[in-house]
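Colleague: Below are the sequence and a predicted model; questions follow.
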4 protein chains.
Amino acid sequence: MAALFEGLDADPAVEVEIGDHALIQAFLDVECALTRALVHAGIAPAHAADGVQQACSKLAVDSSDIGRRATASGNPIVPLVEDLRAAAPGDAPWIHHGATSQDILDTALMLVAKRALVPITQHLARGAAAAADLAVAHRHTLQVARTLGQQALPSTFGLKAAGWSGGLRHAADRLSAIQAHQLAVQLGGPVGTLAAYTSNGLSVVTAFARELELADPGIPWHTERSRIHELAGALGSATAAAGKVATDVIWMSQSEVGEVAEAGEAGHGASSAMPHKRNPSRSVLIMAAARRTPGLVGTILAAGVHEHERAVGSWHAEWRPLLELLRLAGGVAGRVADLLACLEVDVARMRTNLDAFLADPATTRSLGAEAVRDPALLLGATQAIIDRVLAAQRTDPA
Amino acid sequence: MAALFEGLDADPAVEVEIGDHALIQAFLDVECALTRALVHAGIAPAHAADGVQQACSKLAVDSSDIGRRATASGNPIVPLVEDLRAAAPGDAPWIHHGATSQDILDTALMLVAKRALVPITQHLARGAAAAADLAVAHRHTLQVARTLGQQALPSTFGLKAAGWSGGLRHAADRLSAIQAHQLAVQLGGPVGTLAAYTSNGLSVVTAFARELELADPGIPWHTERSRIHELAGALGSATAAAGKVATDVIWMSQSEVGEVAEAGEAGHGASSAMPHKRNPSRSVLIMAAARRTPGLVGTILAAGVHEHERAVGSWHAEWRPLLELLRLAGGVAGRVADLLACLEVDVARMRTNLDAFLADPATTRSLGAEAVRDPALLLGATQAIIDRVLAAQRTDPA
Amino acid sequence: MAALFEGLDADPAVEVEIGDHALIQAFLDVECALTRALVHAGIAPAHAADGVQQACSKLAVDSSDIGRRATASGNPIVPLVEDLRAAAPGDAPWIHHGATSQDILDTALMLVAKRALVPITQHLARGAAAAADLAVAHRHTLQVARTLGQQALPSTFGLKAAGWSGGLRHAADRLSAIQAHQLAVQLGGPVGTLAAYTSNGLSVVTAFARELELADPGIPWHTERSRIHELAGALGSATAAAGKVATDVIWMSQSEVGEVAEAGEAGHGASSAMPHKRNPSRSVLIMAAARRTPGLVGTILAAGVHEHERAVGSWHAEWRPLLELLRLAGGVAGRVADLLACLEVDVARMRTNLDAFLADPATTRSLGAEAVRDPALLLGATQAIIDRVLAAQRTDPA
Amino acid sequence: MAALFEGLDADPAVEVEIGDHALIQAFLDVECALTRALVHAGIAPAHAADGVQQACSKLAVDSSDIGRRATASGNPIVPLVEDLRAAAPGDAPWIHHGATSQDILDTALMLVAKRALVPITQHLARGAAAAADLAVAHRHTLQVARTLGQQALPSTFGLKAAGWSGGLRHAADRLSAIQAHQLAVQLGGPVGTLAAYTSNGLSVVTAFARELELADPGIPWHTERSRIHELAGALGSATAAAGKVATDVIWMSQSEVGEVAEAGEAGHGASSAMPHKRNPSRSVLIMAAARRTPGLVGTILAAGVHEHERAVGSWHAEWRPLLELLRLAGGVAGRVADLLACLEVDVARMRTNLDAFLADPATTRSLGAEAVRDPALLLGATQAIIDRVLAAQRTDPA
């Protein structure tokens, strides 16, 4: 299924970080880092680090084979460790030593998330910058604001674009903060006691985290899934920020409104049946993705209660929804940045629509004749709000 | 991602009906059937049917290529029709004639669902039969019933198995009914008027349905998605029926309870860190799937309101969740049938646990000494209920 | 909270069937019916029926008191049975005899659902009829059809209204079928064995069902929740059918489109800040409700796996979401019927919008000059589709 | 409905902050604060502040009446402002001046959330402290750890309790951080331009925030809902933290395990049909709530894309789910604190269960005879992990 519908959901730069190949690489990276941490802690002999690293480097892993063998144990780590130990027989005792499958899989997913968040946050930042450019360019472009679908009061297109920028910027910042501080290694051993490392297990955790440049969680979190919840929630919220742009573009690009249009290469927005149409295809795909992420966040939360020291199913239920959230967030982030970078704005049509509103006698009765003559009188703090968004955009480190 | 985690979610017999290859075949089957229907209705010339069929047969479709080209228009039908028309230049005007992408994609998904429901309902029926066998074998096997986790009253393991059988049977029957009556072709043309066929468009729809052995919907349903909702809901409910078996197996196979165990080939239930353990792996994977389907059903319902004559995103949001529901339902159906076929039942342990309950003085105070001596006195309608489930099982046409 | 936001979610005729008072009445109705069934089965003495009935009639139940006392046992049946037994000391042994709290609560919720579905299906049928009237009145009213927000091809407003009618009719029919066939009594006793009634317990179930005019489930369904899932799914799907109308009204009533408007009494659609606006308030509230039902359906499915003979929490998790679904379905059903009964249709504006589309040179290139001159040439099967919907509407028994 | 089932979901201290009365008080508090901010900004005359305050104080608001009148406009602010202006005719122009209903309702919900989070975080902190006490008391109490339902390795009950404490502490901390920094006033006027305040509108926002001791959002957030998403997600995650405790208690209090029991007043855990049982009622209700929150979080995210300057339904869809999340989080927080404060721990039974595990020959083969003789040898970093949780608990400012 993946390939046929993948292009519609995915972003290439994100996809390369979350596909089978990337997952297996992360599994191997994590196993290597664990052995290095064991060497550092004086638990494993020095040669083990190189031995395992070499085994990882030369191991040709077939994801389909691992996937098939995963069903017996219920996760792909068991067969992978078998293969890895077979590839480094001399160092086999120090491979996966003291760890449980969940240690490796949780840590690898955090590593994958960290890597995937690089292009995701870049796309979001690029989208925020493009929206800020629109805010600058159109800060004085009059546009009628609409509430509940009805023309309501004058505003400017720059203010709308500033709102988009702020939303995307906030999404990027929140994900960056999670990337920097919340993505932690998992290491607890079979039941969270770090039993194999005697009493200095927590120092192994610290070394393990340093090796992978992930956060040190302090204590194992096998059954305390708030990190996953927070990441999932932020990804869901980020798709909503992109969805806000897309939905506004869709409403504004309606034939009867005509204020913006998605620009694009030949074929973009083509209809199979109506050659005279040009569809807002990127926005449509962003909205499709934004409609799917809430259910995935809900699923991850619904699997959030893990009984005893490892849950029967709740842990397994997280894997694909989390990867799917990264995929969808990546797709919408890339797409919204592209969309904003080449959005066609019809300033004249915005003015025409505003004038139709102002020409309504009810508007004059409500707003007064002076405001109808000079709608800029009703813009209130529009420029100050735009300035504030632009200032935040400029000072942002990203 | 698919391959690595696929085995954990999927059933091979279902997978072959919902993968990329199956989807593309369904797209082609639908396009061919449409042309044949047009020939039947006298709209297309007779030679078109063969021409299109030959083009479909020889067309080598690369799902990755279609997937990549799908992004411009937002769906994979546009590039596929391009390729198909190029492969049958003489009959190109009769390919996709009068149809819109949604006609083909919706119909193909219904066809895929119909095909995937064959193994899904077979697995569920097989599971129901295996549970019925357990009900027969253990209709008098005493077991303590438990409510809210507490031992409560005597029952039999046969009654529990009968309950499983009834649940799986109901799930199979409901899906079979949907398969037989609710999966309909979609044909409305670009805006649901069947514009290209002048006034006899509904007869084209009827012929189209006959060609594909799908239901005739009467009228186009581009924006009336209750068929999809009902299918999704029934798939979600079916995973709950399998989940009921899995959760009971998990609770009964706890070390301290020990009344059942998953049997299996070597390696089944292996732990990466604890060789002394045998995990209920099939049940764990069933529970993992059952925790994911509710969010997918919710997602499909949340995308259920389609504005105007084609929705901006809601339609697109259905595709992968629906396929994922078929995948997960297939996986749990196959797995629960396997699980039930080889479940190890420890009759003695069931009696031991019951005796511990009966030996509690509070039990005697509550139930009376006579019932404690002969707990079968408290079985009420147990045998009648089992008989009723078995009778339904026997008379079922499946 | 209820009162303040209740009017926004609820329909008065439905509310009266699902409020505290109705729930307690249903609890009492169920307890009385159970005693009558026991009398009928020869288990309870004849006088018990009247005794319990009289106790129910005179019992003044304070829902807050019951609610407060419910926390100790985890459900409101335990304190209610205490009160009922105290009110009929002579017949106390035959009150709740052989039943468990879940028997009463499940049955009462089915009874409440059956009663609430009367106004819900009536509202939906009324909405379907009103939409059918619009389809008749506007079967030739030309309107431009829109896909992905873009003007696409000519159609008629009557076709759109026919689609609404078909969707609402289907929702009503599916709920009516569930009401007639799926809503069954629950009776299994503490662990589903009907232990207290010796071997003829199933005849008590049959008598119990007859007393309440609910379906006889054949066997207890304490942990087989597909009835609840199907009801929940159909309620969710019904809100989507109403949501389809609302979203179309919202898109068509935009200031720039102006093809329809919600009519209403003074104050309807008023804005707190913009007196010149008239908001599509009913449609807004329908959309708000339609956005909430999918999560409730998902919640009920997520609570769908019930371990052992009574689940720890999953059962309790169903109660309020199910009532909330009835509330929201009731609200949207009533509101959509009102909305359709007084929808203002601006035929001239529809023609103006269509003409703008036809006047686009791209339209002429695509559709041809003849069709642009006479767009009715492109209506295809529009009239036949409308006829088919109207025929279904007329033959419907509801 | 509220009263009957309310006690099962709610916590009294939270309920008083989120009920109708509290909501209306918050509406009035917000309107008063707005007028004071206008006075401060020199927009309203000084007397207006007192005038509006007095009107608020004397206004007798009937929530049912407001609720009924809310349907015309779609929200309760419109009728409330009517009443408030009527009560202060002299200052009427300065009531709600420049605001839109969403400004008041959003701000009031933030105020309500801030107030409700006081008892919620207190309960969570109390639960964390009680769990920490258990961790101290049982840091050396041996218990067999279980993964996938199977006995796996020795651990201590203190470690499990430390995990509970850490999870509840994290939930409290995250909610406290949101309470302190994320709950901001909303003020943008009808379309987010602060039109009525000319160019110094942002200073009104700042004054408004200061009056209510809520955060200054910088810019209006009518259609940027990430604050709501983050709050909802944190509430959902908090219920999972409580659910972790409840699910462990349920699994450990099974008759066959018997390691803990819920203590309680007379009647606690009573069964309507089985007087010999004692149910873990608090845990059951916590689990019931934890199964409902994910769907509510998903619903709020699904309503997260707000088109134009005010959404048609998405905004309205947030209200009750957000209040329901506060309700459920309050209920589980209070309940988990109570549960932990009086949990009965059966140390001997824990040892018995562990011994049964150790006595299994497979255990000896896997762990070695020495560890079987002295399972404390396998506790690894257990004490260090407990110490780390306790240290975090002690240094916490809450």
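Modeller: Nice, thanks for sending it over. Since the model is a prediction, treat every value here as computed from it, not as a measurement.
Colleague: ok, the residue nearest in space to the middle of chain A - contacts?
Modeller: Taking C-alpha atoms, centre = their mean, the centroid of chain A lies closest to residue A:329, which sits 3.9 Å from it. When contacts are counted by C-beta atoms under 8 Å, 6 or more residues apart in numbering or on different chains, residue A:329 touches A:14, A:120, A:235, A:238, A:239, A:293. To be clear about C-beta, it is placed using only N, CA and C from the backbone, and glycine gets the same treatment.
Colleague: could you redo the last one with a cut-off of 10 Å?
Modeller: Residue A:329 makes contacts with A:11, A:14, A:116-117, A:120-121, A:123-124, A:171, A:175, A:232, A:234-239, A:242, A:289-290, A:293, as judged by C-beta atoms under 10 Å, 6 or more residues apart in numbering or on different chains.
Colleague: Of those, grab the buried ones for PyMOL.
Modeller: Here is the PyMOL command that picks out the buried ones among the contacts of residue A:329, judged by 16 or more other C-beta atoms under 10 Å in any protein chain shown:
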select buried, chain A and resi 11+14+116+117+120+121+123+124+171+175+232+234+235+236+237+238+239+242+289+290+293
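Colleague: Give me the subset of the contacts of residue A:329 that lies in helices.
Modeller: Mapping the contacts of residue A:329 onto helices (DSSP state H) picks out A:14, A:116-117, A:120-121, A:123-124, A:171, A:175, A:232, A:234-239, A:242, A:289-290, A:293.
Colleague: ok, which of those residues also contact chain B?
Modeller: Taking C-beta under 10 Å from any C-beta of the partner chain as the test, chain B is in contact with A:289, A:290, A:293 out of these.
Colleague: Which residue does the stretch 151-300 of chain A have closest to chain D?
Modeller: residue A:298 (2.9 Å; C-beta to the nearest C-beta).
Colleague: who in the stretch 101-250 of chain A is up against chain B?
Modeller: A:101-105, A:189-191, A:195-196, A:243, A:246-247, A:249-250.
Colleague: Name the nearest of those residues relative to residue D:325.
Modeller: The closest of these to residue D:325 turns out to be residue A:243 (C-beta to C-beta; 21.4 Å).
Colleague: if I read this right, the closest one contacts residue A:291, doesn't it?
Modeller: Yes - contact criterion C-beta atoms under 10 Å: residue A:243 and residue A:291 qualify, at 8.2 Å.
Colleague: Quick check: neighbours shared by these two?
Modeller: Common neighbours of residue A:243 and residue A:291 (C-beta under 10 Å, 6+ apart) are B:313, D:305.
Colleague: hey, where'd the strands end up in the stretch 101-250 of chain A?
Modeller: A:142-147, A:150-156 (DSSP state E, counting those that start in this stretch).
Colleague: out of those strands, nearest to residue B:157?
Modeller: Set against residue B:157 and scored by C-beta to C-beta, these come closest in strand A:142-147, at 62.0 Å.
Colleague: want to throw the ones next to chain B among the ones in helices among the contacts of residue A:329 into TSV with distance to chain C and pLDDT?
Modeller: Putting these into TSV (distance: C-beta to the nearest C-beta, whole Å; pLDDT from 0 to 100) gives the following:
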residue	distance to chain C	pLDDT
A:289	15	98
A:290	13	98
A:293	13	98
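Colleague: what about residue A:373, distance to chain D?
Modeller: Going from residue A:373 to chain D by C-beta to the nearest C-beta, to the nearest Å gives 16 Å.
Colleague: any idea how far that residue is from residue A:86?
Modeller: According to C-beta to C-beta, to the nearest Å, residue A:373 and residue A:86 sit 83 Å apart.
Colleague: buried sites along the strand or helix carrying residue A:372?
Modeller: Using DSSP states H and E, residue A:372 sits in helix A:369-373. Neighbour counts over helix A:369-373 (16+ other C-beta under 10 Å) mark A:371, A:372 as buried.
Colleague: Quick one: list the elements packing against whatever helix or strand comes next after that helix.
Modeller: The helix or strand immediately downstream of helix A:369-373 is helix A:382-395, counting by DSSP H and E. Other elements packing on helix A:382-395 under the criterion 3 or more C-beta pairs under 10 Å, 6 or more residues apart in numbering or on different chains; DSSP states H and E are helix A:101-137, strand A:150-156, helix A:157-181, helix D:201-212.
Colleague: Show me how far helix A:382-395 is from its chain's centre.
Modeller: Centroid separation for helix A:382-395 versus its chain: 25 Å, with C-alpha atoms, centre = their mean, to the nearest Å.
Colleague: ok, and for it, which residues are buried?
Modeller: Those would be A:382, A:383, A:384, A:385, A:386, A:387, A:388, A:389, A:390, A:392, A:393, for helix A:382-395 by 16+ other C-beta under 10 Å.
Colleague: wait, what's in contact with the fourth one?
Modeller: Listed by C-beta under 10 Å, 6+ apart, the contact set of residue A:385 reads A:135, A:139, A:158-159, A:162-163, A:166, A:379, D:188, D:192-194, D:201-202, D:205, D:218-220.
Colleague: What are the buried residues along whichever helix or strand residue A:323 is part of?
Modeller: Per DSSP H and E: residue A:323 is located in helix A:314-341. Neighbour counts over helix A:314-341 (16+ other C-beta under 10 Å) mark A:314-340 as buried.
Colleague: now swap in stretch A:82-96 and tell me
Modeller: Using 16+ other C-beta under 10 Å as the test for burial, stretch A:82-96 gives A:82, A:83, A:84, A:85, A:87, A:88, A:91, A:92, A:94, A:95, A:96.
Colleague: again with stretch A:200-207
Modeller: Buried residues in stretch A:200-207, counted by 16+ other C-beta under 10 Å: A:201, A:202, A:203, A:204, A:205, A:206, A:207.
Colleague: Nearest to residue C:109 among those?
Modeller: Distance ranking of the buried residues of stretch A:200-207 against residue C:109, using C-beta to C-beta, places residue A:205 first at 49.2 Å.
Colleague: hang on, isn't that closest one packed against residue A:188?
Modeller: Yes - with contact defined as C-beta under 10 Å, residue A:205 counts as touching residue A:188 (8.3 Å).
Colleague: Excluding chain neighbours, what is closest to residue A:301?
Modeller: residue D:294 (3.7 Å; C-beta to C-beta, 6 or more residues apart in numbering or on different chains).
Colleague: How about residue A:74?
Modeller: Distances taken as C-beta to C-beta, 6+ apart place residue B:281 nearest to residue A:74, at 4.3 Å, with adjacent residues excluded.
Colleague: Isn't the one you found up against residue B:7?
Modeller: No - counting by C-beta under 10 Å, residue B:281 sits too far from residue B:7 to count as a contact (11.8 Å).
Colleague: which of those two has more neighbours?
Modeller: residue B:281 (27 against 22; other C-beta atoms under 10 Å in any protein chain shown).
Colleague: so what's the residue of the stretch 151-300 of chain A closest to chain D up against?
Modeller: Residues near residue A:298 by C-beta under 10 Å, 6+ apart: A:232, A:236, A:321, B:294-295, B:298-299, B:302, C:294-295, C:298-299, C:302, D:236, D:293-302.
Colleague: ok, residue A:172 - contacts?
Modeller: A:117, A:120-128, A:238, A:241, A:333, A:396, A:398.
Colleague: circling back to that earlier point, could you measure from the residue nearest to the centre of chain A over to chain D?
Modeller: Distance, residue A:329 to chain D, using C-beta to the nearest C-beta: 12 Å.
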